[in-house]
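Asks: pasting a predicted model and its sequence here:
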Amino acid sequence: MADEATRKAVMVEKLLILGAGGHGRALIELVRDRGGLEIAGLVDAAPQAAAMLGVPVLGDESVLPGLRRAGVGLACIAIGNAEARRAAALRLAALGFGFPALIHPSAILAGSAAVGEGSVVLPRAVLGAGVRVGRFCIVNTGAILEHDVELGEAAHCGPGSVLPGGVRVGAGALLGAGAACRPYVTIGAGAVVGVGAAVVEDVPDGAVVGGVPARSL
C-alpha cells in the first residue's frame, strides 16, 4: 500500500497559475475541486498579497524558468483580457510549459464536445453535442453552449451566457454575463457583447454591442 501511495504521489503533476486576481481565485477552486494536479503557486507582476486561498505568490514572470527547471510542467492562465492571455500563452510555451484543459466536475459535457488546450470550463457550464471550444477560452460559470457552437481561440463566454445551436464566436470575442444569442448567429473576432444583451443578428469583427435587441454602442 505504501508503494502504491508513493507511486500516485509521484504521478501528480505540478501546475502554476499565471495571474493572482479574481479569475486566479476561481481557477484555484476549480483545480482543487477537479483533483489530480498540485498547484505549485501563483505568478503575478503586481500581486495584492503574498498568498491567495493558501496558495503562495511566487513572484513575477522572472521566476518561470526556475519553476520549469524544478519540474513544474503545466500552467493555466488566469487573465481575463484575451490578447494578454494569448501573449502569455506564447511566453509560457516558449519555456516549455503545457496547458491542460481544466473542466470543473460539475460542468456537463456531451461526449462529442471538445475543449482545446489551456481552456477552462467553470462550474455548472453546459456544452452540448458537437461543441468545439478553441484554445485558451473561458467558459464561465453557468454558461450554456448548445449543439455545434464553436468558440475561437481565447473567446470568453461570461457567467450565465446562452449560445443556442450553431452559434460561431470569433477569436478573442467576449460575451458578457447573461448575454444570449439567436441560433446560428456569428459573433466576430474581438467583438464585445454587453451584459444581458440579446444578439439577433451577426456581430462584425471588433464591434461592441449591447441592449435588447443588441445594437452597436
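Replies: Noted; the coordinates are in hand.
Asks: over to the closest residue to Gln48 other than its chain neighbours. Which of the three states is it?
Replies: Distances taken as C-beta to C-beta, 6 or more residues apart in numbering place Ala20 nearest to Gln48, at 7.0 Å, with adjacent residues excluded. C-beta coordinates here come from the backbone N, C-alpha and C atoms, glycine included. Secondary structure, DSSP: H, G, I helix; E, B strand; the rest coil: Ala20 is coil.
Asks: specify the residue ranges that define each domain of this protein.
Replies: For the chain, automatic domain parsing gives the domain ranges 2-94, 101-210.
Asks: any idea which of the ones you listed is most buried?
Replies: domain 101-210 (a mean of 20; mean count of other C-beta atoms under 10 Å).
Asks: any weak-confidence spans in this structure?
Replies: 1-11 (pLDDT under 70).
Asks: please enumerate the helices of it.
Replies: Using DSSP state H, the helices of the chain run over residues 2-11, 22-34, 64-69, 82-94.
Asks: would you reformat those as CSV and include distance to Gly142?
Replies: As requested, those are exported to CSV (distance: least, C-beta to C-beta, whole Å):
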stretch, distance to Gly142
helix 2-11, 32
helix 22-34, 13
helix 64-69, 33
helix 82-94, 20
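Asks: wait, which of those is closest to Ile187?
Replies: For Ile187, the closest of the helices of the chain is helix 82-94, at 12.6 Å, according to C-beta to C-beta.
Asks: run through who's touching that closest one.
Replies: Outside helix 82-94, the residues that touch it by C-beta atoms under 8 Å, 6 or more residues apart in numbering are 18, 61, 64, 75, 77, 79, 99, 118, 135-136, 153-156, 171-174, 190.
Asks: quick one: it to chain centroid distance?
Replies: Offset of helix 82-94 from its chain centre (C-alpha atoms, centre = their mean, to the nearest Å): 13 Å.
Asks: over to stretch 42-59?
Replies: Its chain's average C-alpha position is 19 Å from that of stretch 42-59, according to C-alpha atoms, centre = their mean.
Asks: rewinding a little: which ones among the contacts of helix 82-94 map onto strands?
Replies: Leu18, Ala75, Ile77, His156, Leu174 (DSSP state E).
Asks: residues contacting the fourth one?
Replies: What it means is His156. For His156, the contact set (C-beta under 8 Å, 6+ apart) comprises Gly80, Ala82, Cys137, Ile138, Asn140, Ala173, Leu174, Leu175.
Asks: repeat for Asp60
Replies: Counting by C-beta under 8 Å, 6+ apart, Asp60 has contacts Val43, Asp44, Ala45.
Asks: mind giving me JSON lines with those and columns for distance to Ala198?
Replies: Compiled in JSON lines, these are given as follows (distance: C-beta to C-beta, whole Å):
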{"residue": "Val43", "distance to Ala198": "39"}
{"residue": "Asp44", "distance to Ala198": "36"}
{"residue": "Ala45", "distance to Ala198": "37"}
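Asks: just the contacts of His156 now: which is nearest Val203?
Replies: Using C-beta to C-beta, Ala173 comes nearest to Val203 of the contacts of His156, at 8.0 Å.
Asks: so that closest one sits right up against Gly152, yeah?
Replies: Yes: with contacts counted by C-beta atoms under 8 Å, Ala173 reaches Gly152, the gap being 7.0 Å.
Asks: beta partners of Leu42?
Replies: Beta-bridge pairing for Leu42 (DSSP bridges): Ile17, Val57.
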